[in-house]
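1. Next come a sequence and a model predicted from it.
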Amino acid sequence: MNTNAALSAPRLHREILAWYAANARELPWREPDAGAWAVMVSEFMLQQTSVKRVLPLYAEWLERWPTPAALAADPPGEAVRAWGRLGYPRRALRLHAAATAIVERHGGSVPTDHAELLSLPGVGEYTAAAVASFAFRQRHAVLDTNVRRVLARLVDGTEFPPTATTAAERRTAAALLPDDPETAATWGVAVMELGALVCTARSPECSRCPVSAQCAWRLAGSPAHDGPPRRGQTYAGTDRQVRGKLLAVLRATRAEVAQADLDAVWPDQVQRARALDGLVADGLVEPVAPGVYRLPGGAPVPVGDLRGHANLLADRLVPAPDAR
């Protein structure tokens, strides 16, 4: 941890928590009556996706599937269909798998134990800590992209954290975690909110930061990032775009879809085939006969004739942003 004399954990706690109390956004998964399932759904949806894009789908999702049992009762393809254009649709499959495991192993209730959360399909280190902390008010270090960036600047004096979470980052986060579990749970979301609203990746507003006087990066003159280049993710023309177009055709109908309808959405045959193979390998698309496909787990339905619709749909689709 940085030895900068200005850095004081009690002062950081006091000032960041006070800032959060005055500036926190009102979000449905932060409401007092938001249950553990609602928190878990939000955490899956918010991975690499902005709050603005998540909010409408989040409300629709919980209205349709207010409990893990409700989601588990539907085939996984329905989760993929409802995911729409939120991006990274494997998250929908993972959330469905987690819901199924919650029903089978935990009687339909999201487990409170951190280790049991971590054992659920699709739940990694971050999500397990976030659900345990935000839903059950337990003391866990929650390290998402925003938190890691705030701590990198505040403690280590670097503009950005390493590409992957390191043991040193975990030690820093644990050392700064308040002792009281309730306070620690609020601290985790407060630092996250500071990174989302003030200590942003592209345009940090140090003049608005409640702890700028203690920030090692600001005190060092805000040196530019000198690590590996941080390349922005592209979308147009990539396999991700093709996958999105193919999934859009499959989501648009509950009928099985013929190869010709999928061929209509992208001119490059090799790239289109590669994208479709990837969707099948990921479990997002299910081949039901030679040249016939559907979303996973659906009941057999006669092949739909979507040729004209697929062309119109392809013309309307635009790239979806990736930034959280």
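-> That came through, no problem. Numbers count the residues shown, from 1 in each chain.
2. so how far is Ala115 from the residue nearest the centre of the chain?
-> With distances taken as C-alpha atoms, centre = their mean, Gln47 lies nearest the centre of the chain, 1.1 Å away. To Ala115, Gln47 is 21 Å away according to C-beta to C-beta, to the nearest Å. In short, each C-beta sits where N, CA and C put it, glycine included.
3. what's the answer for Tyr126, then?
-> Taking C-beta to C-beta, one finds Tyr126 at 15 Å from Ala115.
4. do Val191 as well
-> Taking C-beta to C-beta, one finds Val191 at 24 Å from Ala115.
5. out of these two, which sits in the more crowded spot?
-> Val191 (28 against 9; other C-beta atoms under 10 Å).
6. secondary structure element for that one?
-> helix 181-197 (DSSP states H and E).
7. next SSE after that helix?
-> Assigned by DSSP H and E, the successor of helix 181-197 is helix 216-219.
8. for the stretch 1-150 of the chain, which spans come out with low pLDDT?
-> 1-6 (pLDDT under 70).
9. Let's see that with 90 instead.
-> 1-8, 48, 85 (pLDDT under 90).
10. next one: phi and psi at Ala115?
-> As for Ala115, its main-chain torsions (degrees, to the nearest 10) stand at phi -60, psi -40.
11. for the one 10 residues further on, same thing?
-> When quoted as degrees, to the nearest 10, the phi and psi of Glu125 stand at phi -60, psi -50.
12. ok, His13 touching Asp180?
-> No. Using C-beta atoms under 8 Å as the test, His13 is too far from Asp180 to be in contact (9.9 Å).
13. Those two: which is more packed in?
-> Legend: neighbour count by other C-beta under 10 Å for His13 and Asp180, higher for His13 (20 against 13).
14. residues contacting that one?
-> Contacts for His13 (C-beta atoms under 8 Å, 6 or more residues apart in numbering) come out as 178, 183, 187.
15. Mind doing that once more with 6 Å?
-> Pro178 (C-beta atoms under 6 Å, 6 or more residues apart in numbering).
16. give me the element it is part of.
-> helix 9-23.
17. okay, whichever helix or strand comes after that helix in PDB with CA atoms only?
-> Helices and strands here follow DSSP H and E; after helix 9-23, the next one along the chain is helix 36-45. Taking Å, rounded to 0.1, in the frame of the first residue of the first chain, the C-alpha atoms of helix 36-45 are listed here in PDB:
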ATOM      1  CA  ALA A  36     -30.900 -11.000  -2.900                       C
ATOM      2  CA  TRP A  37     -32.300 -12.200  -6.300                       C
ATOM      3  CA  ALA A  38     -32.800  -8.600  -7.500                       C
ATOM      4  CA  VAL A  39     -29.200  -7.800  -6.500                       C
ATOM      5  CA  MET A  40     -27.900 -10.900  -8.200                       C
ATOM      6  CA  VAL A  41     -29.800 -10.000 -11.400                       C
ATOM      7  CA  SER A  42     -28.400  -6.500 -11.400                       C
ATOM      8  CA  GLU A  43     -24.800  -7.700 -10.900                       C
ATOM      9  CA  PHE A  44     -25.000 -10.100 -13.900                       C
ATOM     10  CA  MET A  45     -26.500  -7.300 -16.100                       C
END
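18. what separates the helix or strand following helix 36-45 from the chain centre, distance-wise?
-> Proceeding N to C from helix 36-45, the next assigned helix or strand is helix 51-64, under DSSP H and E. Helix 51-64 sits 13 Å away from the centroid of its parent chain (C-alpha atoms, centre = their mean, to the nearest Å).
19. which secondary structure elements does the very next helix or strand once past helix 51-64 contact?
-> Per DSSP H and E, the first helix or strand lying C-terminal to helix 51-64 is helix 68-72. For helix 68-72, the packing partners by 3 or more C-beta pairs under 6 Å, 6 or more residues apart in numbering; DSSP states H and E come out as helix 90-106.
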